[in-house]
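Asker: okay, sequence plus prediction incoming.
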Amino acid sequence: WTTLESTDTHTVQWGEAPDKLTSSAGGSESSYGWFGWQGRLHTARMSGLLPNASYFYRVGDAAGGFSEVGEFRTLAADVGGATPLRIGWVADMGWGNNSQGTMARLTELASRGELDLLIHPGDIGYADGNMEGWDLFLRQMEPIVSRVPYLVAPGNHEFLFDFAAYKHRFAMADDGEHKSMYYSLDVGAVHLLGTSTESILDISHVSSAQAKWIEDDLVASKARANATKWRIVYGHRPLYCGQTHGQ
């Protein structure tokens with residue numbers, strides 16, 4: 001979550017009712033100053049959540065104030081198997097008028113409990129160097145991503161300043177090892193692997209280190225005793241394309 005000023009703590013509180021937020025966890029904050037952007041980006045992790053359960057939560061700081069209480073439902077333990085996994089998939093979606101219909105539909109699905117997961121591999125908000133665009137886009141996305149997990153991967157419109165805004169604003173499942181540029185996780189019977197197809201020169205690139213990591217990750221996911229039924233890899237640029245356009 002984002003605040004204008006720094007706070008003493010970075011706390012998430014949660015529980016089974018809006019007035020019974022009995023669990024809490026602390027986190028950390030970071031920031032960046034490109035193009036004069038001001039603000040603090042906070043991250044905290046919940047743990048011990050049960051499958052297929054509803055939780056209420058809020059984030060903030062005792063002195064600085066807390067957010068409104070939100071609500072989400074965790075996924076069933078057998079999601080992607082006996083229970084379907086319903087994934088929303090978007091890319092190249094900005095904060096302007098052209099995306100409003102898509103956002104409205106995703107908001108509707110999330111509020112009705114008909115969306116389990118949203119994946120957005122690249123060109124997130126089309127902010128480029130306009131850091132206010134990041135704020136506008138994520139405010140518009142809040143009704144969706146405050147209720148369902150939001151998994152992202154970098155696109156070419158995130159490359160400025162070595163992907164600074166992307167790296168600070170998102171915390172994916174790599175625990176910071178790859179700065180959320182590439183990562184993987186199991187969601188029930190589905191193994192998801194997010195990749196980076198990008199470089200700081202705004203041309204397509206997959207490093208040898210990432211390629212080796214992807215290969216090892218896919219082999220390991222297949223070899224596990226509870227092997228996932230599906231392995232889905234996503235990134236911004238297509239692996240094969242009929243036209244190059246210099247890219």
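Answerer: All right, it came through fine. Please read all numbers here as calculations on a predicted model, not as lab measurements.
Asker: so where's this structure shaky on pLDDT?
Answerer: Residue ranges of the chain with pLDDT under 70: 246-247.
Asker: who's in contact with Asn119?
Answerer: Careful, residue 119 is Ile and not Asn. Ile87, Gly88, Trp89, Val90, Leu151, Val152, Leu192, Gly194, Tyr234 (C-beta atoms under 8 Å, 6 or more residues apart in numbering). Every C-beta, even on glycine, is put in place using the N, C-alpha and C of the backbone.
Asker: now Gly125
Answerer: Gly125 touches Met93, Gly94, Trp95, Gly133, Trp134, Leu136, Phe137, Leu138, counting by C-beta under 8 Å, 6+ apart.
Asker: how many neighbours does the closest residue to it other than its chain neighbours have?
Answerer: Of all residues not flanking Gly125 in the chain, Phe137 sits nearest, at 3.1 Å (C-beta to C-beta, 6 or more residues apart in numbering). Using other C-beta atoms under 10 Å, Phe137 has 20 other residues around it.
Asker: give the helix, strand or coil label for Phe137.
Answerer: At Phe137 the chain is in helix, as set by DSSP: H, G, I helix; E, B strand; the rest coil.
Asker: picking up where we left off before, from the contacts of Ile119, which land in strands?
Answerer: Within the contacts of Ile119, residues falling in strands by DSSP state E are Ile87, Gly88, Trp89, Leu151, Val152, Leu192, Gly194, Tyr234.
Asker: and those residues, which of them are buried?
Answerer: Buried subset of the ones in strands among the contacts of Ile119 (neighbour count, 16 or more other C-beta atoms under 10 Å): Ile87, Gly88, Leu151, Val152, Leu192, Gly194, Tyr234.
Asker: beta partners for the last one?
Answerer: Note on Tyr234: beta-bridge partners by DSSP bridges are Gly194.
Asker: ok, back up a step: what's the most distant pair in the ones in strands among the contacts of Ile119?
Answerer: Gly88 and Gly194 (15.0 Å; C-beta to C-beta).
Asker: and His168, what helix or strand is that in?
Answerer: helix 160-169 (DSSP states H and E).
Asker: how about Phe170, phi and psi?
Answerer: When read as degrees, to the nearest 10, the backbone of Phe170 gives phi -130, psi 140.
Asker: how close does it get to Ser221?
Answerer: As judged by C-beta to C-beta, to the nearest Å, Phe170 and Ser221 stand 22 Å apart.
Asker: give me the more crowded residue out of those two.
Answerer: Under the neighbour definition other C-beta under 10 Å, Phe170 and Ser221 were set side by side, and Phe170 has more, 22 against 16.
Asker: now the helices for the protein?
Answerer: 100-111, 131-145, 160-169, 208-223 (DSSP state H).
Asker: just name the most buried of the ones you listed.
Answerer: Among the helices of the chain, helix 160-169 has the highest mean neighbour count (mean count of other C-beta atoms under 10 Å), at a mean of 20.
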